[in-house]
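[1] Please work out how this folds:
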Amino acid sequence: MEKIRGLITLLESGVEDYDTQMKVLQTERLKYIRLAMTDGFGTEEGDSKQSWLLHLKQLEDSLTLRRNTIRQAIVETAEDFQKEEKA
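    All right, here's what the predicted structure looks like:
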């Protein structure tokens, strides 16, 4: 039962973090779209179109990593349960 509680805690915090990061990504995508529509990109490193694209890619990669970590935790817990049943 302790493993189930641990998984639940991990999933709750992981999903909460994922949702928060997804909202950030959506907000940043909207900013990018507004900049693209108004040709508002700057020429400095932090506000150029390439910088924005890199920023969005990093946010997307972070979400993918979070999702994969959650999946891996579920798989590992399921494997542990199967091992316990066989023993």
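[2] When you work out contacts or count neighbours from here on, use the C-alpha atoms and nothing else.
    Will do.
[3] Look up how far Thr69 lies from the most centrally placed residue in the chain.
    When Cα atoms, centre = their mean is applied to the chain, the residue found nearest the centroid is Leu63 (1.8 Å). In this view, Leu63 and Thr69 are 10 Å apart by Cα to Cα, to the nearest Å.
[4] Go ahead and confirm the residue nearest to the centre of the chain touches Asp19.
    No - using Cα atoms under 8 Å, Leu63 makes no contact with Asp19, being 9.1 Å away.
[5] Assign a three-state SS to Gly40, would you?
    Of the three states, Gly40 takes coil under DSSP: H, G, I helix; E, B strand; the rest coil.
[6] what about it, how many neighbours?
    Gly40: 14 surrounding residues under other Cα atoms under 10 Å.
[7] so who does it touch?
    Gly40 sits next to Arg34 when contact means Cα atoms under 8 Å, 6 or more residues apart in numbering.
[8] Quick check on it: phi, psi?
    Per-residue torsions, Gly40: phi -100, psi 10 (degrees, to the nearest 10).
[9] okay, stretch 56-64 in PDB with CA atoms only?
    Taking Å, rounded to 0.1, in the frame of the first residue of the first chain, the C-alpha atoms of stretch 56-64 are listed here in PDB:
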ATOM      1  CA  LEU A  56       9.400  27.500 -27.100                       C
ATOM      2  CA  LYS A  57      11.400  24.400 -28.000                       C
ATOM      3  CA  GLN A  58      13.000  24.300 -24.500                       C
ATOM      4  CA  LEU A  59       9.500  24.600 -22.900                       C
ATOM      5  CA  GLU A  60       8.200  21.800 -25.100                       C
ATOM      6  CA  ASP A  61      11.200  19.600 -24.400                       C
ATOM      7  CA  SER A  62      10.700  20.200 -20.600                       C
ATOM      8  CA  LEU A  63       7.000  19.100 -20.900                       C
ATOM      9  CA  THR A  64       8.000  16.000 -22.800                       C
END
